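Chemist: coordinates only, sequence not included:
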């Protein structure tokens, strides 16, 4: 899997901002709006339901020619043939993820500083890094202050891996993020919490371009 495919709108499929919407509904709307990557994240979902949803999203991304990344669950990613797995700093180490997934699939790692991003690159296992939070966000409580476009620009200057910016990104500020060097922009509430999810995804894609 070529990491260069990580471009444009990257939608994290998490129904926390809109519990009445299913993961499948969010994923379908995001793809219809132009998203090129879906990442399944469902921290409290049981394993059986997680596998079912992952299979549904795998079918959707296959039909749309998009990528499916699974958050944390390497076992589920392997079972459904996902394109990759994304982990955080306190999750399974990237080398362990690679050992399970084997070659040919993407391994992504969340980073929150230039030092972490450089370490991810130096390790030689990670295919791309997530970087953030870019701006204040209520979707995921991390206890971390916003990094902002200047910090992203510093990462872009030192890290050759694709960089996926995340955290508080909206139609109003996505242009700043792209200008600072993001290869892709990851959003949750900007799509899942929007009245018209497809229209919101379409607007973000247009702003990205």
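Modeler: Happy to help now that I have it. Everything numeric here is computed off the predicted structure, so don't read it as measured data. Numbering: from 1, shown residues only.
Chemist: CA only for contacts and neighbour counts going forward, please
Modeler: Fine.
Chemist: A helix includes residue 201, no?
Modeler: Yes: per DSSP: H, G, I helix; E, B strand; the rest coil, residue 201 lies within a helix segment.
Chemist: what pairs with whatever helix or strand residue 12 lives in, and is each one parallel or antiparallel?
Modeler: With secondary structure defined by DSSP states H and E, residue 12 is part of strand 8-13. Sheet pairing for strand 8-13, assigned by DSSP bridges, gives strand 37-40 (parallel), strand 184-187 (parallel).
Chemist: average pLDDT for the last one?
Modeler: Taken as a whole, strand 184-187 has a mean pLDDT of 98.
Chemist: how far is that strand from where the chain is centred?
Modeler: 6 Å (CA atoms, centre = their mean, to the nearest Å).
Chemist: contacting residues around it?
Modeler: Residues outside strand 184-187 that contact it (CA atoms under 8 Å, 6 or more residues apart in numbering) are 6-12, 162-170, 174, 177-178.
Chemist: same question for the first one.
Modeler: With contacts defined as CA under 8 Å, 6+ apart, strand 37-40 is touched by 6, 9-14, 27, 54, 61, 66-71.
Chemist: nearest to residue 103 among these?
Modeler: residue 69 (15.0 Å; CA to CA).
Chemist: state the phi and psi torsions of that closest one.
Modeler: Backbone geometry at residue 69, expressed as degrees, to the nearest 10, gives phi -110, psi 140.
Chemist: determine the number of other residues adjacent to it.
Modeler: 29 (other CA atoms under 10 Å).
Chemist: and if you look at the one 4 residues further on?
Modeler: Look at residue 73: counted by other CA under 10 Å, it has 22 neighbours.
Chemist: now do the one 3 residues further on
Modeler: Using other CA under 10 Å, the number of residues around residue 76 comes to 20.
Chemist: what does the one 10 residues further on give?
Modeler: Using other CA under 10 Å, the number of residues around residue 86 comes to 26.
Chemist: got the confidence number for the closest residue to it other than its chain neighbours?
Modeler: Nearest non-adjacent residue to residue 86, counting by CA to CA, 6 or more residues apart in numbering: residue 108, 4.4 Å away. If you check residue 108, the pLDDT there is 98.
Chemist: again, but for residue 143
Modeler: 64.
Chemist: from the contact counts, what lies against whichever strand or helix holds residue 155?
Modeler: Here residue 155, judged by DSSP H and E, is contained in helix 148-158. Under the contact criterion of 3 or more CA pairs under 8 Å, 6 or more residues apart in numbering; DSSP states H and E, helix 148-158 touches helix 114-123, helix 174-179.
Chemist: what residues does the longest one touch?
Modeler: Surrounding helix 114-123, the residues in contact under the criterion CA under 8 Å, 6+ apart are 109, 111, 126, 129, 131, 151, 154, 155, 158, 159, 160, 161.
Chemist: what subset of these is buried?
Modeler: Among the contacts of helix 114-123, those classed as buried by 16 or more other CA atoms under 10 Å are 109, 111, 126, 129, 131, 151, 155, 159, 161.
Chemist: okay if I get these as CSV plus distance to residue 37?
Modeler: CSV is the format used below for these (distance: CA to CA, whole Å):
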residue, distance to residue 37
109, 15
111, 19
126, 17
129, 14
131, 16
151, 24
155, 22
159, 21
161, 17
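Chemist: good, we can wrap up now.
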